[in-house]
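Chemist: based on what follows, work out the 3D shape:
(chains A and B)
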Amino acid sequence: MLSAKKYLILFALLLVMTPLALKAAFVSTPRDTQPNPLELTDLPLESSTPTGFVKLGGGEEFGPFTFYWKESLDILAIYDSRNGYLWKSGLDVNPDVTSATQTTLCETDKRRYNAGSITFQQFKDRCEKDIDTITGTTTGPLQANSLLYFEYFSKGGSDFVFATNTVHSSYRKTILYTVSSRLQMVVDTPNHYQFTVKASRLGAGQDLDLDIIADLYLSDEGFQIDILSENITGTAKPFLSSIGVARYLGAVGGVDNKFTVSEKTAEVEGNYTIQPAQRPMIGGYSFVPDGSGALIRFQNNSVSLSAYRAYVYGDDPSQSEQNYQRIVGTFVPFKTASIPVFGMAHGNNQAAYVAYATSGAEFLDIISVPEENTYKYNSTHARFNYNFRYNKLFTLDGDNPVPSIYPTLNQFDVSIKYDFLAGDGSFDGFPANYVGMALKYRQHLINEGVIKPLDTVKEDIGIRLDFLMADSESSIVGYQTKVATTINDVANILDSILAKGITNVSSGLLGWGSGGLTLGNPSKTAFDSSIGSKSAYTNIIKSFSDRGVDISFSQDYYRINEEQINLLRNAAKHPAGWYARVRTFEDPISVFYFSRPIKAVEWLNHQTNVFGSMGVDSYTIQGITNRLISDYTTEQGSRTQAIDLFTQAFEQLSSKGKINAVKPNLYLFPYVDRYLQMDVYNSQYLIMTDTVPFLQILLHNTMELYAIYSNFSFYTQSDVLRMIDYNVFPSFVLTEKPSYVLTHSNSSNFYSTEYTLYEELIEAVYNQVNGVLRNTLGQQWINREILQVGVVKNTYSNGDEVLINYTDVNYLYKGQIVLAQSARFFGGE
Amino acid sequence: MKFIQKSLLVFVIALIAFASFSSLRVVEATSSTSYTYALDDEQRFVRTQDAYLPGQTITSLGLNKPTDVAIDHLNNIVIADSGNARIVIFNPRTGSSREIRNPQMLGPTGVFVIQQSSVFLAQGDIFVADPAVGRVFHFAYDGTLKNTFGKPTAPLYETLQFQPEKIAVDQVGTMYIVSKGSSDGIVQLSSQGEFQNFFASNRVQLSLMEQFQQFIYTDEQLTNLGLNLTPPIFTSIFIDHTGIVYSSSSGRRVDNIKKHNTQGNNMLVDIFVASTRLSDITVDRNGIIYSADQNGFIDVYTNDGEFIYTFGSISDVDVAGFFKTLSGLVVDIDGKIWTVDSGKSYLQSFVPTEYAQTIYQAIINYNETRYEQSIQLWKNVLRLNQLSILAHNGLAKNYLQTEQYQLAAYHFEIAGNRTLYSEAFWEIRNLWLQENLLGIIGFGVLFSIAFIVLRAVEKKSKFLEPVRVGLAKVSNVRVISDVLFVRQVHKKPSDTFYALRKGKSGSYLGAFILLLITFFSYLFYIAGKGFIFQTQSLRNLDLGSIVLGFVLLVGLFVLCSYLITSIQDGEGTFGEIFKGFSYSTYPFILGAVFSTLASYIATTNELFLLNFLFFAGLIGSVLMIFLSISEIQNYSFGQTVKSILFTLFFIIIILLVISFVQMTIGQLFSFFEEIIKEAIRNAIG
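Modeler: Below is the predicted model of the structure:
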């Protein structure tokens, strides 16, 4: 019997929550994370000695795994004893049993049954089968089974068109060409096998051949496939477009043609019917590294939707069909995949794998194909690109381009690792979900020395306050620089911020020099006294440095324009013969080019030397931090060489001061101290069902993570909660003068920056985010759960928890109310 | 008792907490896939805060070429699923759906739902336009077929096609139908299906040049020019809850968005239309107008047709908020936009952000004369986008209404709204005059008295003699006196030009300086006017072209005049013509300078005065040039006219030759440029 006191408390609590529940206005979208997928009650458990498979390895050396191989179909099977789950590198579909062959069989048996030659049971036993519709095409089952496939360019009927042909490793014999494959163990190394694919009679003239030898390594974490550059041989090699790996590993879905028989009666003869039936979709998802991270849940789509394809580290403007791109500016650019990782989870914390490239990542495509897209499967896989099509130009105006492929391949070795996860993390701390994938990959990066946990912990979170100083607009004679903020304004604003008790501040100055943001020459350090003289900058930087505020110069070393710098020998060339460029609808500068990596590094070194002499504590770099371009100037440079140049330069620079990098790619992680403009969304492909903080979990407590600018459509309460949820710190870009002074410059996109309008918001946002996240500084983020739609719980290594309630309804947790649209810290034991 | 008090306290605190937090607006996490664009002060698109975010994407309905969408009285989405020959009614709250099919209905492309019951119609009645069978279907909300309407039997309609594509129905059951391919206009049928008339029609709007081309070219030539004289067809029609009819049309040279009065005439005149390939139009309960462009843009306008912003994008990639062929849109009672795309097979919603909602609320407040609230809301908009011309304009209009003219003028100036700035400035000037009129008159009287006194004193004591001598010394400097000689031009033109010719007064240097002054006066006129009249931005002026044009025109005139007069027994030399021309520009200088100066205190009401000043100066100078030629060449009136006409003709010929030569040289230059660039490319890499 409850006391009156308890009734009253209950009543009060109900009153707090009920009206909010009535509103129930929170509508979850793919920009949020959905609750966990459905649990699999019927795990596809199979015998540990699958039929037709040869055991490759098992036992202590391979941990919980036993590996099997089916030579006839190129299927690698991985049995995980922790959860009894069997993974297969392909669908393991028999290409000889198709709907057509089954129909023939049923027709024959139907006649025999009606003639009385066989019994109904015999008719039923032989005819009633479920045949995967993927067998409906010749290539379907072969694509679904193959461990490897490759694509090559072939000239067809027209000399000017290069068609792309696909060859699957299990493609044994066709009229056009021949492929054979076999797996062999390397002598005395039971964990090392070689998978050889031999293709011949390739090309329009059927006179080309290609051999690929892939090394397969088995381990107690999973398996690894390497394809060394020298192990690709044959006359077709110059035409090789790409190699794909384990296309259907973990693929889910499928539609069966169900053959059903009916008994004969006095009036009706015995017969059979064929009905397509969608297999029940299991719970689970693919993870792809789009922006902060995206999940693509397995679902039956009633319509065909676009596949996700991302070129890791960003598209290469020099390896494109045209030497120019046109940006209409109507849509938000797709997010870049800055880490070469993807994965798949089956069930609710039951079985998963995470795959990551350790070599060749700069040429990796991650492809996720939804159900209803040609075949009825959800699949995600890796493809490495070796060559590309482009239009060769011979005239300035670009008339009569000649379709071509480049004579030399991208030179790199492939190495991709598949680690398998099981259960809720109780086995090894890596649950079979996207959090486990992130933690597993994080462990790999820590082991490799790519990232390392921070040594020092500050009391408060940081805030990033960038300043837009100036930009150029057209004038009656040439261009004139419009100043929005002077260095003295910066000092005044920072003083004002410090006076509010916000002390962990870092700032980048955009458009700090002569010509401002768009026309400032990246190869020089020309100061403009109307913005700030060199001595004024030096004095203020030093003065604030003494007070713990880090002011740095921000520079884009990637995107350049003709008014800013001479293109000759500075801009990267496309193999078409001209500079790779992008046409925009910006004004006054509308055409932009891309710097050659070797030049970008030269400019970086020059400028940072000057900045260093001025006493800066850190360097803010953008452009080259997240873009890679091949350079087809006389001394060519590949993406791999660009990575080498950038990493060397960043390594040197990191010894001089901190590095603030805008959306850096993986290869720069070892040198970055502050990650700027961190994505907290994905590109929102329709197949993406959830947005997750994979990148944030990966990098948490290894560097300071700053969110996208709050000025631009990222200022609401939900956005503040997202910062807390994703463990990122706030950032703003500011000017002293109103934004409209830059209306007619390329900086017109900075449409809301005036400090006086943001002063209160900065304080409010910082205090709210800091109020929660300061308690978690120095801890590792080990789990993220969706307690209900719109309610997220983050768990840290010391047991601390943060609850984020995005909904309009108060949430009761551990006996305490987490108010609607708020976040709350719960200290650990 | 104490416990009850405590409990009550908890209860009150809880209620307060709820009240505080319930006031928080629910806005889904801000991230869009397409940018929102508004206009700047030069009518160019500039990015602004996201107005809408992609909301739900409904892929489960199995749609096939959906072409139109409507909202029913229960806030459900009603879709014309053309490819599946059905109407789908989707409940976004539960995710459930039902369909209406009819054997006669083969390809419905337009749908309209009755929102309120009337004597003639029931709430939820659904009207469907089906061009495939040439009929309009009238269903009850439960899907029962109530009536169908085929081609009208009226004699006027006998020869015309009836392929109803889009439909709207008013409270008395009158149907407004857009018929496929019909350029005659919107078909108006009675509730019984009888043809009444064409409610409205489109007209082709031609520029002056196009009208000229239409006059002289054959039909074939016009077709080759792409000059289609067939009136653009209507693409959609909508009736809002107040019964106002709106229509959209696709194509150029037409009013793409129309808000019709009861006679069918368009009430939105000369509005800025962001997109021209419109496929649908809808209006929410606040009168905000939304249009859909086939290229994937959703444009939003105020109830007066003022452009607010546009967003959306076209793409084959399936990303939330991207379109392939945007075919229909509607706004539900929560303000969400629902769209269908005939090239894709799903339903997409867009949720308004806080930014969009603030703008709409500010507009509503202004319309309902709640100016103070509107000002606060517009200020919030400005905080989020200081470049928002709409906000500056909106704020200024409110200030104008509340008689805060300085602020109004300030914001109108930022918004580039010269017309309303002029109104605000008129008020400011008026107030200033009212406040200072007595002072000005007093000052004038005092000044006059002081002047008279000074003059009298000066007469006696000559105390200003040193100043006078100093000025005389300065004005006697040869160059200065040569320049000042221009003052004689308007007094005694003939004598002046004679003196110039004979070299008695004036000089080449003086003429050159005068020409420079003329140039700067001209520059001042085109670049230095007050805000109301300075329509061209300095940024867009090309100083090089202005200098070149001025020098070329003056040089050519003098040269050609010399050449013509040389063969027409003229007596003047090249230098004399040059001097004559330069000294003739005096009226132009005065006209340009005073007109420009006056532009700072004038409003649009005084435009005539400004034009008068300028053109009086211009005409004065032309007359002076005429007289200078006549005097210098010793020509009669007729000879002078003839000489000037020949000169002008000769100038035109030379300009044509110059442009031809310039083109040829340009090509030659390009040729060498290509060779050099090619050489550099291959040699240097």
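Chemist: name the nearest residue to whichever residue of the stretch 51-200 of chain B sits closest to chain A, sequence neighbours excluded.
Modeler: Across the stretch 51-200 of chain B, the shortest distance to chain A (C-beta to the nearest C-beta) belongs to B:Gly62, at 4.7 Å. C-beta here means a position set from N, CA and C on the backbone, and glycine is covered the same way. Once flanking residues are discounted, B:Gly62 sits nearest to A:Ser302: 4.7 Å by C-beta to C-beta, 6 or more residues apart in numbering or on different chains.
Chemist: helix, strand, or coil at that neighbour?
Modeler: coil (DSSP: H, G, I helix; E, B strand; the rest coil).
Chemist: for the one 4 residues further on, same thing?
Modeler: Assigned with three-state DSSP, A:Ser306 falls in the coil class.
Chemist: can you pull the contacts of it?
Modeler: A:Ser306 makes contact with A:Asn373, A:Tyr685, A:Leu686, A:Ile687, B:Asp316, B:Val317, B:Asp318, B:Val319, according to C-beta atoms under 8 Å, 6 or more residues apart in numbering or on different chains.
Chemist: also B:Glu306?
Modeler: Neighbours of B:Glu306 in contact, by C-beta under 8 Å, 6+ apart: B:Ile271, B:Phe272, B:Leu390, B:Asn393.
Chemist: looking at those, state which has the most neighbours.
Modeler: Highest neighbour count within those, by other C-beta atoms under 10 Å in any protein chain shown: B:Leu390, with 23 neighbours.
Chemist: hang on, that one packs against B:Ile308?
Modeler: Yes - in terms of C-beta atoms under 8 Å, B:Leu390 counts as a neighbour of B:Ile308; the distance is 5.9 Å.
Chemist: overlap of the contact sets of those two?
Modeler: In contact with both B:Leu390 and B:Ile308: B:Ala38, B:Ile359, using C-beta under 8 Å, 6+ apart.
Chemist: name the next helix or strand following the helix or strand hosting A:Lys124 along the chain.
Modeler: Element membership for A:Lys124 (DSSP states H and E) is helix A:120-127. Toward the C-terminus, helix A:120-127 is succeeded by strand A:130-132 as the next helix or strand (DSSP H and E).
Chemist: export the helix or strand following that following strand as PDB, just CAs?
Modeler: Later in the chain than strand A:130-132, the nearest helix or strand by DSSP H and E is helix A:139-145. Extracted in PDB, the C-alpha atoms of helix A:139-145 (Å, rounded to 0.1, in the frame of the first residue of the first chain):
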ATOM      1  CA  THR A 139      26.700 -13.300 -63.600                       C
ATOM      2  CA  GLY A 140      24.500 -13.100 -60.500                       C
ATOM      3  CA  PRO A 141      25.700 -16.200 -58.600                       C
ATOM      4  CA  LEU A 142      29.300 -15.700 -59.800                       C
ATOM      5  CA  GLN A 143      29.300 -12.100 -58.500                       C
ATOM      6  CA  ALA A 144      27.700 -13.300 -55.300                       C
ATOM      7  CA  ASN A 145      30.300 -16.100 -54.600                       C
END
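Chemist: mind listing what's buried along the very next helix or strand once past helix A:139-145?
Modeler: Toward the C-terminal end, the helix or strand that comes next after helix A:139-145 (DSSP H and E) is strand A:148-155. For strand A:148-155, burial by neighbour count (16 or more other C-beta atoms under 10 Å in any protein chain shown) applies to A:Leu148, A:Tyr149, A:Phe150, A:Glu151, A:Tyr152, A:Phe153, A:Ser154, A:Lys155.
Chemist: which residues touch the fifth one?
Modeler: Taking C-beta under 8 Å, 6+ apart, we find A:Tyr152 in contact with A:Thr164, A:Asn165, A:Val167, A:Leu202, A:Gly203, A:Leu208, A:Leu210, A:Ala236, A:Phe239, A:Leu240, A:Ser241.
Chemist: adding neighbour count, secondary structure and distance to B:Phe615, write the contacts of A:Ser306 out as a markdown table.
Modeler: What follows is these, written out as a markdown table (neighbours: other C-beta atoms under 10 Å in any protein chain shown; DSSP: H, G, I helix; E, B strand; the rest coil; distance: C-beta to C-beta, whole Å):
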| residue | neighbour count | secondary structure | distance to B:Phe615 |
| --- | --- | --- | --- |
| A:Asn373 | 19 | strand | 70 |
| A:Tyr685 | 27 | strand | 62 |
| A:Leu686 | 25 | coil | 62 |
| A:Ile687 | 28 | coil | 67 |
| B:Asp316 | 10 | coil | 57 |
| B:Val317 | 17 | coil | 58 |
| B:Asp318 | 24 | coil | 61 |
| B:Val319 | 24 | strand | 57 |
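Chemist: pLDDT and distance to B:Met105 added to the residues you listed, as JSON lines?
Modeler: Formatted as JSON lines, those follow (pLDDT from 0 to 100; distance: C-beta to C-beta, whole Å):
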{"residue": "A:Asn373", "pLDDT": "69", "distance to B:Met105": "31"}
{"residue": "A:Tyr685", "pLDDT": "94", "distance to B:Met105": "35"}
{"residue": "A:Leu686", "pLDDT": "92", "distance to B:Met105": "29"}
{"residue": "A:Ile687", "pLDDT": "93", "distance to B:Met105": "33"}
{"residue": "B:Asp316", "pLDDT": "88", "distance to B:Met105": "30"}
{"residue": "B:Val317", "pLDDT": "90", "distance to B:Met105": "33"}
{"residue": "B:Asp318", "pLDDT": "92", "distance to B:Met105": "29"}
{"residue": "B:Val319", "pLDDT": "92", "distance to B:Met105": "33"}
